[in-house]
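Enquirer: Whatever this is, show me its structure:
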Amino acid sequence: MRIAILSSQEGWHVNALQAALVARGVEAPLVPITRLLARVGGRACLECEGVALEACDGVIVRTIPGGSLEQIIFRMDALHRLEELGVRVVNSPAAIERTVDKYYTSFLLEDAGVPTPRTIVAENLDQAMAAFEELGDVVVKPLFGSEGKGIVRVADEDSAYRAFRALELGRYVYYVQEFIPHRNEDIRAFVLGGRVLAAMRRRAPGWKTNVAQGARVEPVTLAADLESLSLRAARAVGAVYAGVDLLQAEDGRSYVVEVNGVPGWRGLQRTTPVDVGASIAEHIWGLCARQPAAADGRAARLP
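Expert: Sure, this is the predicted structure:
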C-alpha cells in the first residue's frame with residue numbers, strides 16, 4: 001500500500017505520520033504540494049517529483065500553504081481530481097474547502113444547529129462599521145488563517161475604524177464575530193473517525209488561547225454535551241479528522257468557534273498518552289484497506 005503525504009515541507013507532524021505508516025508496512029512518500037504536475041491525456045495525470053498520485057491508495061493532506069488565487073485553486077482542483085479517480089483523500093477537498101474558509105464553516109455549523117457566535121461578514125467599510133455597532137465587543141478574523149494569526153479584538157469605535165480601514169486597503173473581507181467572555185480559556189477536541197480521540201484545555205494570560213500564541217495546555221475529559229457538539233461540528237463539515245474549538249462562556253453557554261480541517265496535534269500530544277499520529281495513520285490505513293479496487297487497478301470511485 002502507498003499513502004502519500006501532501007505537505008509544504010517536512011516537519012514534526014509529517015515525520016509522525018510517516019513513522020506510523022511505515023510501521024504498518026505502508027509506503028509513505030512526502031509529496032510537496034507546491035510541486036504538483038497535472039496532465040490531461042497521455043501518461044500519468046497527476047504526479048509530483050516522480051510520484052504518480054493517482055496510483056496511490058490514499059493521500060493525506062497535511063498543509064495547504066498560502067499562495068496566489070490561481071495556485072490555491074489549482075491545488076484544490078488537483079485534490080478533487082484525485083478523488084474523482086478513486087484515491088482516498090483525507091481530509092477530502094470538500095471538507096478542506098469548508099474548514100479553511102471561516103464563513104463557510106460558520107454557516108454550516110448554524111445550519112446543523114451547532115451553536116456558534118453571532119458573525120457578520122462584509123465587503124466594505126460602512127458595512128463593517130455597522131456590524132461593529134450591532135455586535136459591540138468583537139473579534140475580527142482573517143477569512144483564511146490559523147494559529148490565531150491576524151486576529152484582533154475591537155471594543156471601541158475608533159479602534160474598529162482603524163482596524164477596518166487597514167483591511168480595506170488590503171481588499172480583505174471583514175469577518176466580524178461577537179466576543180464571548182470565556183475566562184481566557186477554551187477546549188480543543190480532536191475528532192477522528194466519529195469519536196473524540198482526546199481533548200485539551202488551553203489557558204492563556206490574554207483572550208487568545210492558541211498554543212502557537214503561548215497558551216498552556218492540560219488534559220480534559222469532555223462532558224457529554226461538549227463531546228456531542230464536537231462530533232456534530234466535525235460531521236457538519238464532513239471531516240474524517242478535525243480540531244474542534246469549543247468556548248464555554250461565562251454565562252454557562254457553549255459554542256463551537258472554529259473547526260480545523262488540517263489540524264496540528266503537537267500541543268495535544270503533550271496532554272494525552274494516546275499516540276495521535278499513529279491513531280490518524282491507523283484510521284486512514286483502514287479506510288484505504290477497505291476501499292474496493294476498480295477493474296483497471298485503481299481504487300473504485302468513492303461515493
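
Enquirer: List the contacts of residue 238.
Expert: By Cβ atoms under 8 Å, 6 or more residues apart in numbering, the residues touching residue 238 are 91-92, 94-95, 98. All C-beta spots, glycine's among them, are computed from the backbone N, C-alpha and C.

Enquirer: For the residues you listed, which single residue is the most surrounded?
Expert: Using other Cβ atoms under 10 Å as the neighbour test, the contacts of residue 238 are led by residue 91, with 24 neighbours.

Enquirer: Show the contacting residues for it.
Expert: With contacts defined as Cβ under 8 Å, 6+ apart, the neighbours of residue 91 are 61, 99, 238-242, 261-262.

Enquirer: of those residues, closest to residue 251?
Expert: The closest of the contacts of residue 91 to residue 251 turns out to be residue 242 (Cβ to Cβ; 26.3 Å).

Enquirer: Grab the nearest non-local neighbour of the closest one.
Expert: residue 234 (4.5 Å; Cβ to Cβ, 6 or more residues apart in numbering).

Enquirer: hang on, the earlier thing: show me the contacts of residue 238 that map onto helices.
Expert: The members of those that map onto helices under DSSP state H are 94-95, 98.

Enquirer: how long is stretch 193-213 from one end to the other?
Expert: 28 Å (Cα to Cα, to the nearest Å).

Enquirer: Ignore what I typed, I meant stretch 58-73.
Expert: 21 Å.

Enquirer: Okay, buried residues for that stretch please.
Expert: Neighbour counts over stretch 58-73 (16 or more other Cβ atoms under 10 Å) mark 58-64 as buried.

Enquirer: same thing with stretch 133-140?
Expert: Within stretch 133-140, the residues that count as buried by 16+ other Cβ under 10 Å are 135, 138-140.

Enquirer: Would you point out the most distant pair within the residues you listed?
Expert: Between any two of the buried residues of stretch 133-140 (Cβ to Cβ), the greatest distance is 10.5 Å, for 135 and 140.

Enquirer: Overlap in contacts, those two.
Expert: By Cβ under 8 Å, 6+ apart, the residues touching both residue 135 and residue 140 are 176-177.

Enquirer: re the thing from before, tell me the secondary structure at the residue nearest to residue 242.
Expert: Secondary structure state of residue 234, per DSSP: H, G, I helix; E, B strand; the rest coil, is helix.

Enquirer: Just the pLDDT for it.
Expert: With respect to pLDDT, residue 234 scores 98.

Enquirer: Go ahead and confirm it touches residue 193.
Expert: No: using Cβ atoms under 8 Å, residue 234 is not in contact with residue 193; the gap is 9.6 Å.

Enquirer: intersection of neighbour lists for those two?
Expert: residue 241.

Enquirer: Who has more neighbours out of these two?
Expert: Neighbours per residue (other Cβ under 10 Å) separate residue 234 from residue 193, with residue 234 holding more: 30 against 15.

Enquirer: Look through the protein and tell me its longest helix.
Expert: Max-length helix for the chain by DSSP H is helix 69-84.

Enquirer: residues in contact with that one?
Expert: 33-34, 36, 38, 45-46, 53-54, 59, 61, 64, 66-67, 89, 92-93, 96-97, 301-302.
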